[in-house]
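Enquirer: Only the shape, not the letters, is given here:
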């Protein structure tokens, strides 16, 4: 994957320093591809419903969209029966911005993950899942705050 990314001019950001770099790129109008169907630690995310179960999801995409006004577009790549790949870029996901930051982050994050879930339901054999998606539990969030 590193070879393919480099060949296409796609970089990889270090998680610890990513936010500053990402915000700078967004302010310049640069595109970003982010994988968000990952488990995150309770301190890094919000709990949404994914396939009917609570899942801790990154709040970063919603925070960036709210902060910069950047467009969020879902992108999926599906392997076709003949071995070729089809990449689909969906319509821009409206960013909900009511002024209630916490509620807006939660709703936008849920919306993004619902789009992923709908795609996975249409193409279940295409979802590459190499980690424990539901590893982080709400009880870890409570322990952290006490």
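Expert: Sure, I can see it. Owing to the predicted nature of the structure, the values given are computational and were not obtained by experimental measurement.
Enquirer: Kindly list the longest helix within this protein.
Expert: The residue-count maximum for a helix in the chain (DSSP state H) belongs to helix 101-122.
Enquirer: what's the offset of that one from the middle of its chain?
Expert: Taking CA atoms, centre = their mean, to the nearest Å, one finds the center of helix 101-122 at 9 Å from the center of the full chain.
Enquirer: same check, this time on stretch 26-44
Expert: Stretch 26-44 sits 6 Å away from the centroid of its parent chain (CA atoms, centre = their mean).
Enquirer: Then stretch 69-82?
Expert: Here stretch 69-82 is found 12 Å from its chain centre; the criterion is CA atoms, centre = their mean.
Enquirer: Stretch 73-84 too?
Expert: In terms of CA atoms, centre = their mean, the centre of stretch 73-84 is found 18 Å from the chain centre.
Enquirer: Please apply the same query to stretch 20-33.
Expert: Between the centre of stretch 20-33 and the centre of its host chain there is 15 Å, according to CA atoms, centre = their mean.
Enquirer: residues in contact with the residue nearest the centre of the chain?
Expert: In the chain, the residue lying closest to the centroid (CA atoms, centre = their mean) is residue 36, at 2.3 Å. Neighbour list for residue 36: 57, 58, 60, 61, 112, 113, 116 [criterion: CB atoms under 8 Å, 6 or more residues apart in numbering]. C-beta: built from backbone N, CA, C; applies to glycine.
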